[in-house]
Structure formats: structure tokens, C-alpha cells
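J.: What would the 3D arrangement of this be:
(one chain, ligands or ions: 1)
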Amino acid sequence: MRIESIEVTHDVAPPRARPIRDALQVLDGGGTVHVTVRARDGLRDVVTGTSSTGFGRMRAAPGALAAFVAEVLVPEVIGADPFLVRGIRDRLWRHTDYHGTAGFALLGIAAIDVALWDLVGHALGQPVWRLLGPVRDRMPAYAMVGWLNFSVEELLPIAEKAMAQGFTGVKMKVGCATLEEDVTRIRAVRSVIGDGTRLMVDANQVFDLPEALRRGRVFQELGCFWFEEPLRADNHAHLAELAHALDIRVATGENDFGKRQFRDLFERRAVDVVQPDLRRAGGATECLEVAAMADAFDVAYASHGGGPHLHLLAAMPNAIYMESGFLPDGARLDDGCIRLPEGPGFSQPDWRG
Ligand SMILES: [Mg+2]
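T.: Numbers count the residues shown, from 1 in each chain. Below you'll find the model as predicted:
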């Protein structure tokens, strides 16, 4: 089988009517890059694989990434056997090394990697998770629904909706101007979800070490399950100090790039729950390898976001959660879990009926 063509398009999102906010940034809408890989096996029909790379802000970013993928990466991949997923990744890493293989270059490599796995699934008529030697056919999910722009009064029905949809874990943003405001918001959500539901808090990198220690001690007293991105993502040394000092699990990883940055996190014992992002970590292949490494260090894995990640989590023994937003109206989790879908490639759950 040979790759015949790769189509790269992008769209720019309209501004959000009500932008969402965390402690670091306002997410007012960005856009998406769409990659479609087409391959042919002799005279057989064409098989395709697709990927979507979303941006929560920066409307210029989708166009810039699409141009990079189309002009820099695609010419290196045309004619290759799409089943050689790791071979293509290695070739693209070498090709982009001049830029430093992180940041934008790695987002581009990830876009092609995800499309290749999707194509392999379609070529074999199987969902990707079945090709990975899975450990499970259903995956626990938690709801990231507590954005910082919501008032305390608005958080209450949001937490109620998460409970009605069957989530057994809820995440909310922290990092208000004062610790007291964070505590008020946490107590409000806890009053709705009860003691039997896990509550995670996410600071999106805004604290320094003394403040993360001060607030983390309070979050653990409040029974929070993990403290996410308490510090700058690239300060692994301070993350290690924090993880050693606190009892609450330290979670990070959505802003780490490539398995070698993750290796440093694990070697320093700087993380209890690692959270790779499919785009920034470098794609499906890289996430699988990060998970295997995490498992060897007895570190739990919880994806940043869902989508194709759902299939990968099924094959990770140390995976504890998929991150989700709200389900479509009327949908409900099955015992806190999403059933892995049966459609080919990176198929997604069908919530109708
Ligand atoms: Mg986060």
C-alpha cells in the first residue's frame, strides 16, 4: 500500500459568544486543521485516514500549521507505506530537527501520525483500539466543566448536569486572585457532587512554588483528587519538589512535547498523574510510548482531552481517566464509563439511543 495524496485544509472558528477562561488564558475560539491521507493497494479501492487538530485560541494558528504540514511534511510522506507509522514518524522527526522537534513541528507530525493510525484501522476494518492489544473495552471518563469564568451560582447547575450524565469525576479550574475564592468555589461544587465523586482542580501553570505549596495543602485538605498544572509545565525541578512535599497527586503533561520531555518528568518523580495531549505529545504513537514509560515508573495516565485518545487509553494498563466535556444532551455514561466504539479507525461513540 502506498500513500497517494494528503489533503490539508483548515477552518477558522467564529469568536465564541461567551469565551471560556482558565487561570492562564481566555479561550475565545481558534480553528481546526484537517488532514486526509489517501492510500491505494494495487488496484484496490482507495483507503483514507483523517485527523483534526483543534486550537482553542489564536485564529492565525490553523492556517500557519496547515501551511507547515502541506509544504514541509507532506512531500516527505507521499509514496510511503502507510502501515510504517513509526518509520514515517522517524523520517519526519529527522526532517524537522532543524526547527527543534517540538512546538509547531510536533503538532504537524502528530496530525499525520493520527491520520495514519486512522487509515490503518479503515484498511483493516477495525477500530484502532482493537489493533493495540487492549486491556479494556470501556473507559472511565471525567467531566472538565468548571471554567473560571463561571460564577459560583453558575457552577452549581453545571455540577448537577455532570452528575446527571453519570460522571463520577468532575474537574474545575482554580487560580483565582485569592485562595479563599478558590475554596468557596470548590466547596460549592462539592456540595452538589457529594463526597463519593472525585473532584480535580487545575491551575493551568500560574503558581510559583511557594503559592502552589500553600494552595495545594488546602486543596488536599478539601479532599481533591489531583492538583493539575500547579506550576510552569517546563519547570520539572520545582514540580518534583512540589510532588514530594504534597500528599495530593500532582498532575501535569498537557504542555510537554515528545517522549524525552516525559522521560525527564518520570526520572525526577515530578508527576503522579501524567496527562499527555495528543497534539503536543506528538500523536498517537508517541502517547502510547509515553504511557508505557509511565507504567514502568508506576505513574497513572489520564488523557488531556478525548477524541482518538479514547482508543489509545483502552490499551494502557495505567490509564485511569479520559478527559471529557459534557456529553450530548440526553446521553449518559455507563457506570462512569464510555464504551469503546466498534466502527473502523478512530471511530467515536454514538450517543443516540
Ligand atoms: Mg489542564
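J.: Name the spans of the stretch 251-353 of the chain whose pLDDT lies under the cut-off.
T.: Confidence mapping of the stretch 251-353 of the chain against pLDDT under 70 gives the ranges 353.
J.: nope, the chain is what I was after
T.: For the chain (pLDDT under 70), the answer is 353.
J.: And the helices in it, which stretches?
T.: Taking DSSP state H, the helices of the chain run over residues 61-68, 74-77, 85-96, 103-124, 152-164, 179-193, 209-221, 236-245, 258-267, 278-281, 284-296, 309-313.
J.: who does the last one touch, helix- and strand-wise?
T.: Using 3 or more Cβ pairs under 8 Å, 6 or more residues apart in numbering; DSSP states H and E as the contact criterion, the secondary-structure elements in contact with helix 309-313 are helix 284-296, strand 319-324. Every residue, glycine included, has its C-beta placed from N, CA and C.
J.: Between these, which one is closest to residue 104.
T.: helix 284-296 (15.4 Å; Cβ to Cβ).
J.: report the angle between the axes of the closest one and helix 258-267?
T.: Helix 284-296 and helix 258-267 are oriented at 10 degrees to each other (axes from the mean of the first three to the mean of the last three Cα atoms, to 10 degrees).
J.: Buried residues, helix 284-296. List them.
T.: 284-291, 293-294 (16 or more other Cβ atoms under 10 Å).
J.: which one of these sits closest to residue 230?
T.: residue 294 (18.7 Å).
J.: Is it correct that the closest one is in contact with residue 267?
T.: No: counting by Cβ atoms under 8 Å, residue 294 does not reach residue 267; the two are 11.7 Å apart.
J.: what residue is smack in the middle of this structure?
T.: Nearest residue to the geometric centre of the chain (Cα atoms, centre = their mean): residue 304, 2.4 Å.
J.: before we move on, back to that, nearest to residue 195, out of the helices and strands packed on helix 309-313?
T.: strand 319-324 (18.7 Å).
J.: ok, residues contacting the closest one?
T.: Defining contact as Cβ atoms under 8 Å, 6 or more residues apart in numbering, one finds that strand 319-324 is touched by 139-144, 167, 169, 171, 273, 275, 291, 300-306, 309-310, 313, 338.
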